[in-house]
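Participant: sequence and predicted structure, then a few things I'm wondering about:
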Amino acid sequence: LHKKRNKNHIKKIIMKKFKSLALVLVSLISLASCSSSNNEKKISLTYVNWAEGIAMTHLAKAIFEEQGYKVEMLNADVAPIFASLSRKKADVFLDTWLPVTHKDYMNQYQDKLEVIGSTYENARIGLVVPDYVSISSIEELNKYKNKFSGKIVGIDAGAGIMKATEEAIQNYNLDFELMTSSGPAMTASLNKAIQKREWIVVTGWTPHWMFNRFKLKFLEDTKKNYGETETLQVIAWKGFSKKDPFASELLSNMKFTDEQISSLMTAMNETETNEDDAALKWMNENRQLINSWIPQTDAIR
């Protein structure tokens, strides 16, 4: 009887220690999980279906993933993107055209946004025609209205270039209708017209891969309706750079020459797989450039 009591006592002690150990393990696992969740690096990148934006944003995605970030990609029109950034529903937009194209959006949300850096400094918007079209200025469009079917092929309704073109129609008294479509639809229409050597005028911009593929020209804008050259800037919600200084410095370091951004967009356009694969391939082929963008210290991460 005495031995039996001892055995029961020993069992109780072992069970108590086992329960205590189990509680410790559960606590450690929970703590590790919380720590991992809190330290996980995340970033959401927004983009519009514009050639340069698609290219730069997918490249940024590849770079951030290599740096250990979980990246969310958000595709939308420009108006919802600015609204989302202002409400911290998204983090970054790499394709802000200033000082003209996106001026109204920046004025509207300037108190809730911050400019992180600029990626390209030789951007331009305007009306574009194939080089075989025998006019050179916007003022000449009305003379050849029938050859253009009285239409200007545009892109997304909320795009800054569309608003600028509506103003150009008024300022130049053009008897033309601005057609809303999208970036890809615009280039498809351009390609189709060029194959038939038909006259077409589109809302165009550089940088864009279409200037590599086709022989194109901007129509002279004597009234400076479309402004001069613009800068592509990276914006985020106000305070993002303090929240993630590593990401902010990386983005501020991203800068392209004409040749580099042209090469990147061409790679995206000609990929036989998808944009992610094309971005990864271009990143590996331009490793020296990419490495120059990466912050050299982990202290800010």
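Facilitator: Looks like it came in fine.

Participant: skipping adjacent residues, who's closest to residue 159 in space?
Facilitator: Of all residues not flanking residue 159 in the chain, residue 78 sits nearest, at 5.9 Å (CB to CB, 6 or more residues apart in numbering). Where C-beta positions appear, they are placed from N, C-alpha and C, glycine not excepted.

Participant: just to check, that neighbour is in contact with residue 161?
Facilitator: No. Using CB atoms under 8 Å, residue 78 makes no contact with residue 161, being 10.1 Å away.

Participant: look up how far residue 164 lies from the spatially most central residue of the chain.
Facilitator: Centroid-nearest residue in the chain: residue 47, 3.6 Å away (criterion: CA atoms, centre = their mean). To residue 164, residue 47 is 21 Å away according to CB to CB, to the nearest Å.

Participant: try residue 296
Facilitator: On the measure of CB to CB, residue 296 and residue 164 end up 40 Å apart.

Participant: so those two - more neighbours on which side?
Facilitator: residue 164 (20 against 9; other CB atoms under 10 Å).

Participant: surely that one forms part of a strand?
Facilitator: No. Using DSSP: H, G, I helix; E, B strand; the rest coil, the secondary structure at residue 164 is helix, not a strand.

Participant: tell me which other helices or strands the strand or helix carrying residue 279 touches.
Facilitator: For residue 279, the element it lies in under DSSP states H and E is helix 275-285. Counting contacts by 3 or more CB pairs under 8 Å, 6 or more residues apart in numbering; DSSP states H and E, helix 275-285 is packed against helix 51-66, helix 258-270.

Participant: flag the shaky bits of the stretch 151-300 of the chain, pLDDT-wise.
Facilitator: 297-300 (pLDDT under 70).

Participant: which residues in the chain form helices?
Facilitator: Ranges of helices in the chain, per DSSP state H, are 2-39, 51-66, 78-86, 103-109, 160-171, 183-195, 210-213, 240-243, 245-253, 258-270, 275-285, 287-293.

Participant: now do the contacts for the nearest residue to residue 84 once chain neighbours are set aside.
Facilitator: Spatially, and ignoring its direct neighbours in sequence, residue 84 is nearest to residue 90 (4.3 Å; CB to CB, 6+ apart). By CB atoms under 8 Å, 6 or more residues apart in numbering, the contact list for residue 90 reads 44-46, 74, 81, 84, 237.

Participant: from residue 217, how far off is the residue nearest to the centre of the chain?
Facilitator: For residue 47 relative to residue 217 (CB to CB), the value is 28 Å.

Participant: got it, and residue 196?
Facilitator: From residue 196 to residue 217 the distance is 18 Å (CB to CB).

Participant: any idea how many residues pack against the nearest residue to the residue nearest to the centre of the chain once chain neighbours are set aside?
Facilitator: Counting by CB to CB, 6+ apart, residue 47 lies nearest to residue 57, which is 4.0 Å off, once chain neighbours are set aside. Neighbours of residue 57 under the rule other CB under 10 Å: 25.

Participant: and residue 291, by the same measure?
Facilitator: 9.

Participant: not counting its neighbours along the chain, what's nearest residue 105?
Facilitator: Nearest to residue 105 is residue 82, by CB to CB, 6+ apart, at 4.5 Å.

Participant: my understanding was that the one you found contacts residue 109; is that so?
Facilitator: Yes. Using CB under 8 Å, residue 82 is in contact with residue 109, at 5.4 Å.

Participant: I appreciate the help and will end here.
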